[in-house]
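Novice: Return atomic coordinates for the entry below.
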Amino acid sequence: MFGMTRRRDAPMRRGACLGRTLLSTLDCIERILRGVAPPQRLPIEMNKFDRQSSSADIQALPDDIAEELSRLPSEVISVDDAPSIAPPVPLTSDEVRTIVISLMLTMFLAALDQTIVATALPTIGRQFNDVSNLSWVITAYLLASTAVAPVFGTLSDIYGRRVMIIISLSLFVAGSVLCAIAPNMPMLILARGLQGLGGGGIMPVVQTVISDVVSPRERGQYQAYFSSVWMVGGILGPVIGGVFAEHLHWSMIFWINLPLAAAAIAMLLPKMKKIPVFHRKRKVDWLGGILLMASAVVFMLVLTWGGTRYPWLSPTVLAMVGGAVALAVTFVWHARRADEPFLPLKLLTGSVAPFALTAGGCGLGAITGLTVQLPLYYESVYHLSASEAGLALIPLAAVSTCGAAIAGRTMARAKHYKRVAIVGTSWAAICALGLTLTTLPLWGLLTLMAAFALGLGTTFPVCVVSLQNSVARPQVGTITGAMNFFRSLMSSFTVAAFAAILLIALGTDIPLAGEHHAAGGIPAIPADDMRHAFRYVFGAATALMTTASLCLIMMEERPLAGPTVTQQVEMAE
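Specialist: The predicted model follows:
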C-alpha cells in the first residue's frame, strides 16, 4: 500500500521540481537580457522528497547554457508597426455622421462623373470638330476606373485609408482641371483617363472606410444610403450636364468637382485620425497589379469594340481576346507563386466570396444592361421622346434603392439576414419572367419594372457586407476592391451581351448607349419587332437574377458582429 502511494506521488514530485527549475531558468534569462547578474542562490533546507530527486532540481545552470545565454543580444526590438493592444476609442455618433456625410459626398463625385458627360458630348464634339472619338471621352473613364479598383483596395490595406482617399481625390481633382482646360480632343481623353484613375479609387476606399467605423450588422443600413447617393448621381448627371452645356459652358461639368471635392476633404480628413487602423504594411506586388490591370483593360476594350468598331469574329477582336486570356493566366500563375500576391486567390474561394461576387455582379449587370437599352425600347415601342425615356428609367433606379434600404434594415435585426436577398432576387426573377411573357401598356411595364428593381436592390448590401465579413480586417480593402472590379467587368459584359442579343434578334444595326440621342433619331424599327427582340433581353435578365438567387442560397451565412437590434441610424437633419 505504501509503495502504491509513493508511485502515485512520484509524478507530482517530479513535476514540482521541474516547475521550480523552469522558473529559475526563465528568471536567469530575464536578468541576463536586462543586463542584471543572476542572484546568488542561498542554501535551503531540502525535504526528503527533494533529496530523493535526481539532477532535475539543480540550483545553478549548466556552463554551456549559461555561456549561450550570455551571448544573446540585449537590444530592444521595435514594435512601431504592431497594432495597439488597447482597443481604439469608439467614435461618437456625431463623428460617425460627419464621416458618413463626407464619404457620401465623395461617392457622389464618382457617380456624377460617370453620366454627366453624356449629354454634353454633342457640344464638345462641335467645339473640337471631332465626332468620331467622342465615345472615348466616356470609355477612357470607364477603362481607368475599372482597372484601378482592385489596386486602390489593396493599397488601402497596405498604406491605410487616409493616404489612399487623399490620393484618389487628388487624382480626380487634377483630372477634372485638365478636362476643363483641355485644348483638343486627345488631351480631353487623356485627362478623362486620369480622372477615371481617381474615380476608380474612390469607390473601394469609401466602402472600406465604412467597414472600419461601422459594425457588420449595422453596415447594411449605411450601404443603402450610399446606394441612394449613387442613384441620385446617376440620374442628376445627364440633367446637370445638359444644363451646363446649353446655358453655360461644357467645362463647368468638370469645374463643379473642385468645390465638392474640397468640401469632402475638409469634412473627412479631421475625423480620419480617429478611425481605427487595420492596415498592415507589406511589400507591394507591383507585377501582379500590372498584370491584373492590363488584362482588365484589354477585356474592356474587347467589350467596347466588339460588334461596333470590329466584328466579333474579326482577327483584331480574337487577338485581343487571346491577349486578355494570356494576361489573366499569367496573373494567376504569378499569384500562386508570390509570397504576398497583389490579390490573394484564396480570398476569392471558400463558401462566401465566389457566391457573393457572382450574385452582386449579376444584380449590377442586370440593372446596368437594362438602363442602357431600355431608352431605345421606350422610344421605339411607346414613342417617347429622349427626355421622357430618361424619366421612365427613374423607377428602375429609384426603387432599387428602396430594396437596398429594406435589406439593410433587415440585416440589422434578423439573424438569417440573407433570406431577404434570396426572396428579393427570386421576386426579381419572377418579374423579369413576366416582362418576357407578356406585352404591357406603359404604366404596366413601369409598375412591373419597379417591382423588379425592388427585389434586385436587396442584393447589394447583403453581398457587400457578407464579403467584408468573411475576411480578416487587414484584407477588407482588398476584397472590396476586387468586388468593385468584378462588378464593373460584369456590367460591361452585360451591356455588350444585351446589345448582341438585340442585334441578333433584330438582324440590323442598332445605336447603343445613347448614341441615337446624339444622332437625332432612332432607326425605323417596327414596334412589334422591338417587342419581340426585347423578350430575349428580359429573358437574359431573368437568367441573371435566377443565378443571383441560387448563389445566395449556396452562400454561407456567417454571423455578423454588432448589436442584434439597432436603433434607426440618425442622419443629418
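
Novice: From here on, just use CA atoms for contacts and neighbour counts.
Specialist: OK.

Novice: Who are the packing partners of whatever helix or strand A263 lives in?
Specialist: Take DSSP states H and E as the rule and A263 turns out to sit in helix 257-272. Applying 3 or more CA pairs under 8 Å, 6 or more residues apart in numbering; DSSP states H and E, one finds that helix 257-272 contacts helix 93-115, helix 161-180.

Novice: Could you tell me the least trusted of the ones you listed?
Specialist: Ranked by mean pLDDT, these bottom out at helix 93-115, with a mean of 79.

Novice: what comes up buried for that one?
Specialist: Of all the residues in helix 93-115, those buried under the rule 16 or more other CA atoms under 10 Å are 95-115.

Novice: Spell out which helix or strand contains the residue nearest in space to the middle of the chain, please.
Specialist: Centroid check for the chain by CA atoms, centre = their mean gives T480 as the closest residue, at 3.1 Å. Per DSSP H and E: T480 is located in helix 476-506.

Novice: buried sites along that helix?
Specialist: 476-503, 505-506.

Novice: Check which residues of the helix holding A263 are buried.
Specialist: N257, L258, L260, A261, A264, I265, M267, L268, K271, M272.

Novice: okay, those residues in TSV with distance to G408 next?
Specialist: Formatted as TSV, the buried residues of helix 257-272 follow (distance: CA to CA, whole Å):
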residue	distance to G408
N257	30
L258	32
L260	27
A261	28
A264	25
I265	27
M267	25
L268	24
K271	25
M272	25
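
Novice: W427 reaches F452, doesn't it?
Specialist: Yes: with contact taken as CA atoms under 8 Å, W427 and F452 are classed as touching, separated by 7.0 Å.

Novice: Show me which of the two is the more surrounded one.
Specialist: It is F452, of W427 and F452, that has more neighbours when counted by other CA atoms under 10 Å, with 31 against 21.

Novice: residues contacting the more buried one?
Specialist: By CA atoms under 8 Å, 6 or more residues apart in numbering, the contact list for F452 reads L396, W427, A428, A429, C431, A432.

Novice: So for the host helix or strand of the third one, mean pLDDT?
Specialist: Here A428 is covered by helix 419-437, with elements defined by DSSP H and E. Helix 419-437 carries an average pLDDT of 92.

Novice: so A264 makes contact with L105?
Specialist: Yes: under the criterion of CA under 8 Å, A264 makes contact with L105 at 6.0 Å.

Novice: what element comes up after the helix or strand in which G322 is found heading to the C-terminus?
Specialist: Using DSSP H and E, the element containing G322 is helix 315-337. Toward the C-terminal end, the helix or strand that comes next after helix 315-337 (DSSP H and E) is helix 353-381.

Novice: For that next one, which residues meet the burial criterion?
Specialist: 353, 355-381.

Novice: Report all helices and strands that that helix contacts.
Specialist: helix 386-391, helix 442-457, helix 459-469, helix 476-506, helix 527-554.

Novice: one step back: report the angle between the helix holding A428 and helix 459-469.
Specialist: 140 degrees (axes from the mean of the first three to the mean of the last three CA atoms, to 10 degrees).

Novice: circling back to that earlier point, closest to L287 out of the helices and strands packed on helix 353-381?
Specialist: When the helices and strands packed on helix 353-381 are compared for distance to L287 using CA to CA, the nearest one is helix 476-506, at 16.1 Å.

Novice: Just name whatever secondary elements that closest one is in contact with.
Specialist: Under the contact rule (3+ CA pairs under 8 Å, 6+ apart), helix 476-506 is packed against helix 135-159, helix 185-213, helix 286-305, helix 353-381, helix 459-469, helix 527-554.

Novice: Just put the ones you listed in a markdown table and tack on mean pLDDT and distance to L446.
Specialist: Below are these laid out as a markdown table (pLDDT from 0 to 100; distance: least, CA to CA, whole Å):
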| stretch | mean pLDDT | distance to L446 |
| --- | --- | --- |
| helix 135-159 | 82 | 28 |
| helix 185-213 | 85 | 30 |
| helix 286-305 | 84 | 29 |
| helix 353-381 | 87 | 11 |
| helix 459-469 | 88 | 21 |
| helix 527-554 | 91 | 14 |
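
Novice: These: which one's closest to A414?
Specialist: Shortest distance between A414 and those, using CA to CA, is found for helix 459-469: 12.1 Å.

Novice: Name the surrounding residues that touch that closest one.
Specialist: Everything outside helix 459-469 that qualifies as a contact, by CA under 8 Å, 6+ apart, is 211, 216, 219-221, 223-224, 352-353, 356-357, 359-360, 363, 404, 407-408, 411, 417-418, 421, 424-425, 476, 479-480, 557-558, 560.

Novice: Next: stretch 413-429.
Specialist: Under CA under 8 Å, 6+ apart, the answer for stretch 413-429 is 217, 403, 407, 410-411, 451-459, 462, 541-546, 548-550, 552-553, 557, 559, 564-566.

Novice: Is K415 in a helix, a strand, or coil?
Specialist: Here K415 is coil, with the state taken from DSSP: H, G, I helix; E, B strand; the rest coil.

Novice: how deep is it tucked in, by neighbour count?
Specialist: 15.

Novice: This protein - how does it break down into domains?
Specialist: 15-70, 92-284, 287-341, 346-561 (automatic domain parsing).

Novice: The shortest one: end-to-end distance?
Specialist: End-to-end distance for domain 287-341, by CA to CA, to the nearest Å: 9 Å.

Novice: how far is that domain from where the chain is centred?
Specialist: Relative to the chain's own centre, domain 287-341 is displaced by 21 Å; criterion: CA atoms, centre = their mean, to the nearest Å.
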